[in-house]
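**Q** Below are the sequence and a predicted model; questions follow.
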Amino acid sequence: MRAMRFLALATAVGIGGWAHAAHAQHPAAGRERLTGAWHLVSLGETNPKGRLETVAGLKGALIYTRDGHMSVQIQYPDASVSNAYVLHGYEASFGTYDVDPAAHTVTHHVEGSITRGLVGKTLVRAYRLSGRRLIIRSTRPEEHWQVTWERDEAHANGTN
């Protein structure tokens with residue numbers, strides 16, 4: 001199923017548009033805008049007609065800390081989903097991250113994952129912020145997925 005193919009790629013997680021830069025030159029710059037806890041709003045893929053097709057029933061959390069650590073978890077409604085990134089309907093990884101605010105990219109350095117194939121990988125993602133929402137996309141032109149996260153009001157200023 002096409003939906004399951006792009007869901008696995010989401011593990012990853014500026015209004016001015018999407019950038020495709022490689023790695024942040026100033027890793028600490030821009031972290032404050034991403035710092036905090038985010039909950040999953042939607043995960044989808046743009047179809048050939050340009051419309052975003054999302055998958056219902058997903059739950060997830062994304063956390064960026066001030067000191068440069070990240071964690072992402074997504075629970076799929078169907079526990080039988082398993083592939084290179086998802087194990088029994090669940091995907092999770094953690095590590096460190098860098099932000100390049102000029103290029104609108106966040107780079108995840110995966111230190112651990114439920115899917116061993118991600119361990120040690122560096123995943124560059126384009127991002128943009130829109131109000132309380134963080135939208136993350138792949139920087140790879142052949143991938144068309146998009147994940148939308150929303151910051152809880154209690155975490156809007158990076159506080160607990």
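**A** Perfect, thanks for sending it.
**Q** now the protein, which segments are flagged as low pLDDT?
**A** 1-29, 154-160 (pLDDT under 70).
**Q** now residue 46, nearest residue through space, not along the chain?
**A** Using CB to CB, 6 or more residues apart in numbering and skipping the chain neighbours, the partner closest in space to residue 46 is residue 144 (4.3 Å). C-beta here means a position set from N, CA and C on the backbone, and glycine is covered the same way.
**Q** again with residue 40
**A** Closest residue in space to residue 40, ignoring its immediate chain neighbours: residue 60 at 3.2 Å, by CB to CB, 6+ apart.
**Q** same deal with residue 95?
**A** For residue 95, ignoring the flanking residues on the chain, the nearest one in space by CB to CB, 6+ apart is residue 111 at 3.9 Å.
**Q** Look up phi and psi at the closest residue to residue 65 other than its chain neighbours.
**A** Taking CB to CB, 6+ apart as the measure, residue 65 lies nearest to residue 35, with 6.6 Å between them; neighbours along the chain are not counted. For residue 35, the backbone dihedrals are phi -60, psi 130 (criterion: degrees, to the nearest 10).
**Q** Residue 77 too?
**A** The phi and psi values for residue 77, taken as degrees, to the nearest 10, are phi -70, psi -20.
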